[in-house]
Structures are given as C-alpha cells and as structure tokens.
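> dropping the sequence and predicted coords here.
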Amino acid sequence: MTLTAPPAAAGGVATVRRPRRLRALWFILALASLGALVVVSVMIGSRDVSWADAVAALGGSTNGFDEAAVAKRIPRTFLAVAVGAALGVSGAVMQGVTRNPLADPGILGVNMGASLAVVTGIAYFGLTSASSFIWVAITGAAFAAVFVYVVGSLGRGGATPLKLALAGAATSAALASFVTAIILPRGDISQSARSWQIGGVGGGTWDSISQVLPFLIVGFLISLLSAKGLNSLALGDDLAAGLGEKVALTRGAAALGAVILCGAATAVTGPIAFVGLVVPHACRLMFGVDHRWVLPFSAVVGASLLTGADVLGRILTRPSEIDVGIITAIIGAPIFIWIVRRSKVRAL
C-alpha cells in the first residue's frame, strides 16, 4: 500500500501562501467565533438561561436555579476550551513530527496509552485524584508514542507515514482490548471507567482545571517553540539537517509537547477522538502549512470545535446529554474518510 499525501497536507516543500494580514484577520475572526461559542455554552443547555442570570452568575451569585446552572457551566466551558486547544495543537504537532496527515493522538494510539495507564491506576493502585491521573496519563501516552514510533520504524524505509498509521491503529486496538479486560471483572469501577472512556467535559470543576492547567501551559509552550523546527522537518530530515536543524532533538522536543498536551487532556476528560486529526488538517488547507500559524490556529479552532460539540450534545436530546466524545466521533469519522481518499490511498 502506498500513500502519497499532497504537499499542503503532508508538510512538503510546496506550501500554500497566505498574506500575513489576511491570516491575522482570520485569526481575529476565529477568536471572535470562539468567544461567541463560549457565551452560547454558558447560556444554553438542558435549560436555557437569560443574559441577566448569566451576568449575575459571573459576578458570583448562585441564589437562583438559573444562576447556579451558569456557575456549573462556566468551568465546563473553560475545560472544553482548554482541552480542545490542547488536542488541536497536539494533533498538529504529531502530524508535523511524523509528516503524516493521518496522524493524531487517537489514531497513533497515544490516547489509548493514556487511557490504559489511568484505568490500570484506578483498578490496581487506587488512584482517585486528578493530579495522579495526569502524571499517569502522560506516562502512558509517552510509552504508547515511543512504542508506535519504534514499531513504525522497523523494516525498510524507516518510520514512513503509512507504517506509523498502521502501527498506531494496531496499537490502539490492542490497548483498547486491555482496557476492556481490566474493567470487565471490576464491577466497582466499571460504570465510572466506561463513562470516562467515552470522553466528556461535563465533570469539569475549577479544582480539576487548576491541576491540569500547568501541564497544558508547559505543553503549549514546548509545542509553540517547536514550530520553526517543524517547518524544517517538513522539508525532510536530510535537508533539515543540512539547514542546521538538530533533527532528533527537534522531533523529540515537539513530540514531548504533544504527549504532555494529549496525556493531560485525556486525564481530565477521557479519550476524545478526531479533534487532533480534523482541526490541523482543516487549518493547513485554509491557512497554509507554516507551523508558526498552524499551531495557534489549531488551538483556537480546536477549542471552538470542542465547545461547539459540547453545546450540540446538550441540546440534541434535552433534557439528557450526549457526551462530547460521541459528537466529535460523528463529526470526525466522515472527515477522516475524506482525508484518506484525498491522500490517494491506492492499494492494500
């Protein structure tokens, strides 16, 4: 099977050029759209609230039922924004590191590595705190990422985009089976673990956000500082080295930032699929392949996508809710198929 990715999608030499002012304008519009979605997320749910109640809740009042509802939605919305941005940037970095338009934390098995580590910690080590979840999830994500890269590097040609995608898919399926094998005999944790596995932001609290935020900030900084190096890697390892880039160091640092973002996000929300695949791909198509722009755009668009998906999940089946992980899967699956077809997968 051969996979030929278009230059704009795979980070090749040919680039889509956009005037800097136009990109800046689009970025401002993306931020404005995110702001509008944040307002909608605070005001709309199983029960809609008025603007006056929303403002009162922002001022600290929780006297009325509507004000109390808004007070619970605010941390939930903030968590959706933070996790959506983290998954968007993580996917963009992974696609840049592997030069693979099909790479994302879910497809490369990183999400499931974090999930297996957390479920193992809950079942056998009695983990309960958000801080312990985060450290364990990042460790599991790192092991999964290294394993997939090593397996994808075996054989002729090294770590090709196709081999990495196949290794990631196989690893993800195997880890999912291990997660199920751990949960099934444990009736005491099965309900909470399965609910967490679906992926959602409904349990967002200021306490969990305060514990995960430092990790996300570190991950964002590492990823953004790697943007210039990712542009060099897009030209190929030999050419990047010829331009003075330390290829192994650049790839390792960028991958570390992506793993921290993915692991921390998964710890507090569960594995949420397709955000890291769809968002960076769309950003490259619209705004070009320069990672100095792709990463910020991926953060804003990822935050918008997850926030919008959360709102959609609240209103589709009122008064019950659909977890955001289900909504993103419904949105992402057909887009993933389109990306595969666009990438000209010719034979198995």
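Yes, it's here. Since the structure is predicted, the reported quantities are computational estimates derived from the model, not experimental observations.
> what comes up buried for the top helix by length along the chain?
Longest helix of the chain, by residue count under DSSP state H: helix 65-98. Neighbour counts over helix 65-98 (16 or more other Cβ atoms under 10 Å) mark 66-67, 69-71, 73-98 as buried. C-beta here means a position set from N, CA and C on the backbone, and glycine is covered the same way.
> and the one helix or strand Ile331 maps to with helix 65-98, angle?
When secondary structure is defined by DSSP states H and E, Ile331 falls within helix 324-342. Calculated by axes from the mean of the first three to the mean of the last three Cα atoms, to 10 degrees, helix 324-342 forms an angle of 30 degrees with helix 65-98.
> ok now helix 324-342, how far from the chain's centre?
Taking Cα atoms, centre = their mean, to the nearest Å, the mean C-alpha location of helix 324-342 is offset from the chain mean by 14 Å.
> rounded mean pLDDT for it, please.
Mean per-residue pLDDT for helix 324-342: 82.
> for it, name the packing helices and strands.
Packing partners of helix 324-342 (3 or more Cβ pairs under 8 Å, 6 or more residues apart in numbering; DSSP states H and E): helix 275-287, helix 291-316.
> for the longest one, packing partners?
Contacts defined by 3+ Cβ pairs under 8 Å, 6+ apart place helix 291-316 against helix 20-43, helix 65-98, helix 206-225, helix 227-233, helix 275-287, helix 324-342.
> same check, this time on the shortest one
Contacts defined by 3+ Cβ pairs under 8 Å, 6+ apart place helix 275-287 against helix 7-10, helix 20-43, helix 65-98, helix 291-316, helix 324-342.
> contacts made by the last one with the rest, please.
The contact list for helix 324-342 (Cβ atoms under 8 Å, 6 or more residues apart in numbering) reads 6, 9, 80, 101-102, 198-201, 269-275, 277-278, 281, 305-306, 309-310, 312-313.
> export the helices and strands packed on helix 324-342 to TSV and append columns for mean pLDDT, mean neighbour count and distance to Ile339.
Converted to TSV, the helices and strands packed on helix 324-342 look like this (pLDDT from 0 to 100; neighbours: other Cβ atoms under 10 Å; distance: least, Cβ to Cβ, whole Å):
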stretch	mean pLDDT	mean neighbour count	distance to Ile339
helix 275-287	89	25	6
helix 291-316	94	24	15
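> sorry, back to before: distance to Thr317 added to the helices and strands packed on helix 291-316, as a markdown table?
Shown next, in a markdown table, are the helices and strands packed on helix 291-316 (distance: least, Cβ to Cβ, whole Å):
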| stretch | distance to Thr317 |
| --- | --- |
| helix 20-43 | 17 |
| helix 65-98 | 17 |
| helix 206-225 | 25 |
| helix 227-233 | 40 |
| helix 275-287 | 21 |
| helix 324-342 | 11 |
